[in-house]
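S.K.: Need a 3D model of the sequence below.
(2 chains)
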Amino acid sequence: MARVGCTAGDTAGAVIARAERALSALPGGLRRELAERAQLLIIDDAHHLDDGEQARLWEELVPGPTALGRAILAGRERPAVGRGAGVAELGVGALDPAAAAALWRALGGDPAAAETVHARSGGSPWGVRRAFASARMGGDAWDPSTLPADAAAVALALAVTGAPHGAVVLAALAQIDDASPALAELSARHLVDVDDDGRACLAAPAVSLVLAATGPVDRAAVGRRAAALLAGDAAADPRWALARAELAALDPIDRLRAAVRLSLACGDEDRARALVIATAPRMLRRGARGELEALVAGSPTACTRRSSACASSWRATPAASPRPPSWWRRRPSWSSRGWPPR
Amino acid sequence: MARAKPTPPKPRPRARPTLPASPASARRARAAASPPAPGPSTDLAEAPPPSSSSSVRAGAAPAFVGRARELAELREQLAVAAGVLVHGPIGVGKSRLLGELARGSRCRWRGSGAPPATPPAR
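M.R.: Below is the predicted model:
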């Protein structure tokens, strides 16, 4: 079983390479892996891929009706792939009143208010949780302007990086001594959940709220800190050292990809290019060619689909050009096909 | 003799849960979250405050409720289809649903062989 997420700017090749690594398959062997082995592969957030990339990805995921493996492609809109034999579809909609009431009661809400909450939340699970937090905390608990400074900084770090992180990393990104009280505050407001590894993840609907409440300078500052931390070249501060150690447990390709994307989003194109150049051989050795090509050839703004898909991308001015980014075009003798440059 | 300054009315303190550094402590912290502080009226202000015996575990996501039908349907589809397309708007719980599926599949699909045609009930 493997679960792989798509991010803004991804291509089918990048997701395939990621899935192969997650399943410990040989590079280029995803189709065979799913055809011959009873694996479950979940691809989430497919809305970050454009229609053509979704179709290309789906061809690899579903080798045929006799495949032993199973694949799930999930996204906000129905993935743009054809219906056919061996393909099923599940639309996930709002909770019905009974289900919303069950969630409300599970949260600890007064059963008498369940109907009202369902009507006002539209049956969205996060809406129910937001309503619960507001009833408990007073006001709109999700309003970023009402957050204490440390909690706001931690929420911003989570929103900018778009990934779950532990308290040590978040303290480094938010430049605070201890992120635990801030996480407790965010948790009490149902703005974050903590996964089994102790990493906090910001509620998806809250990401845009937090980003919208923050200026571009502050977003870029956090983005640069995160990129430096992910790339492992942050200043030798003990707090950063602990954070680096925590991040060292992550997949190095995932870390590099995040560092490059954050650098590009901050406008640090030279930095992004240097990162790619420095780590490309290692990426290739680990079978991450598809991801490397996506980094090289993708738009630096990392928005390949409609703007609604860019909710998690905080770049201010997404561009739709399929051309290689300017930072890459400066070196015309390089190409993703001829990597590494000779 | 210095005149004592009039002290402004203190807002009702809101006890802060502490140190959710680990999932377990985070759960305890959220469970210990305080009752609501007085604040401006909101859309849900008339909703009664939640009971103090909240079952929510701090930090961790609340219990997976309300999606049993979708989870069962997804499992049934995986038993017969090589691929399943899942879609829904932001915040509707797709990732949580897939997480629950993965959690169950991790044990069930260990080893070789096709996924079970009739998944055991959860």
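
S.K.: and residue 101, what does it touch?
M.R.: Reading this off chain A. A:111, A:114-115, A:118 (C-beta atoms under 8 Å, 6 or more residues apart in numbering or on different chains). All C-beta atoms are positioned from the backbone trio N, CA, C, and that covers glycine.

S.K.: Wait, chain B was what I had in mind.
M.R.: Shown in contact with B:L101 (C-beta under 8 Å, 6+ apart): A:42, A:72, B:71, B:74-75.

S.K.: pretty sure it is in a helix, no?
M.R.: Yes: counting by DSSP: H, G, I helix; E, B strand; the rest coil, B:L101 is located in a helix.

S.K.: ok so, going back, is it possible to mark the buried ones in the contacts of A:A101?
M.R.: A:114, A:118 (16 or more other C-beta atoms under 10 Å in any protein chain shown).

S.K.: now, among the contacts of A:A101, which is nearest to A:A131?
M.R.: In terms of C-beta to C-beta, no member of the contacts of A:A101 lies closer to A:A131 than A:H118, at 9.2 Å.

S.K.: from what I can see the closest one touches A:A131, true?
M.R.: No: in this structure A:H118 lies outside contact range of A:A131 using C-beta atoms under 8 Å: 9.2 Å.

S.K.: Can you check which residues contact both of these two?
M.R.: With C-beta under 8 Å, 6+ apart as the test, A:H118 and A:A131 both reach A:W104.

S.K.: returning to what we had before: give me the subset of the contacts of B:L101 lying in helices.
M.R.: Counting by DSSP state H, the contacts of B:L101 place B:71, B:74-75 in helices.

S.K.: Report the buried residues of stretch A:214-234.
M.R.: Of all the residues in stretch A:214-234, those buried under the rule 16+ other C-beta under 10 Å are A:214, A:219-231, A:234.

S.K.: farthest-separated two in those residues?
M.R.: Greatest spatial distance in these: A:T214 and A:A231, 22.7 Å, computed using C-beta to C-beta.

S.K.: Now for the closest residue to chain B within the stretch 151-300 of chain A, how many residues are close by?
M.R.: As assessed by C-beta to the nearest C-beta, chain B sits closest to A:V194 within the stretch 151-300 of chain A, at 3.6 Å. By other C-beta atoms under 10 Å in any protein chain shown, 30 other residues sit near A:V194.

S.K.: Phi and psi next, for it.
M.R.: Per-residue torsions, A:V194: phi -110, psi 130 (degrees, to the nearest 10).

S.K.: before we move on, back to that, which one of the buried residues of stretch A:214-234 is nearest A:G5?
M.R.: When the buried residues of stretch A:214-234 are compared for distance to A:G5 (C-beta to C-beta), A:L230 wins out at 16.0 Å.

S.K.: For stretch B:63-72, measure first residue to last.
M.R.: End-to-end distance for stretch B:63-72: 17 Å, by C-alpha to C-alpha, to the nearest Å.

S.K.: Also stretch A:175-195?
M.R.: Using C-alpha to C-alpha, one end of stretch A:175-195 lies 23 Å from the other.

S.K.: would TSV of the contacts of A:A101 with secondary structure and pLDDT be doable?
M.R.: Output for the contacts of A:A101, formatted as TSV (DSSP: H, G, I helix; E, B strand; the rest coil; pLDDT from 0 to 100):
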residue	secondary structure	pLDDT
A:P111	helix	91
A:A114	helix	92
A:E115	helix	91
A:H118	helix	92
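
S.K.: Closest to A:L30 out of the contacts of A:A101?
M.R.: A:L30 lies nearest to A:H118 out of the contacts of A:A101, by C-beta to C-beta, at 41.6 Å.

S.K.: Can you get me a residue count around residue 97?
M.R.: Because you didn't say which chain, this covers chain A. Using other C-beta under 10 Å, A:P97 has 14 other residues around it.

S.K.: You answered for a different chain; I wanted chain B.
M.R.: Quick note: B:L97 (other C-beta under 10 Å) scores 22 neighbours.

S.K.: which secondary element of chain B has the worst mean pLDDT?
M.R.: Here the helix or strand of chain B ranked lowest by mean pLDDT, DSSP states H and E is helix B:23-31, holding a mean of 43.
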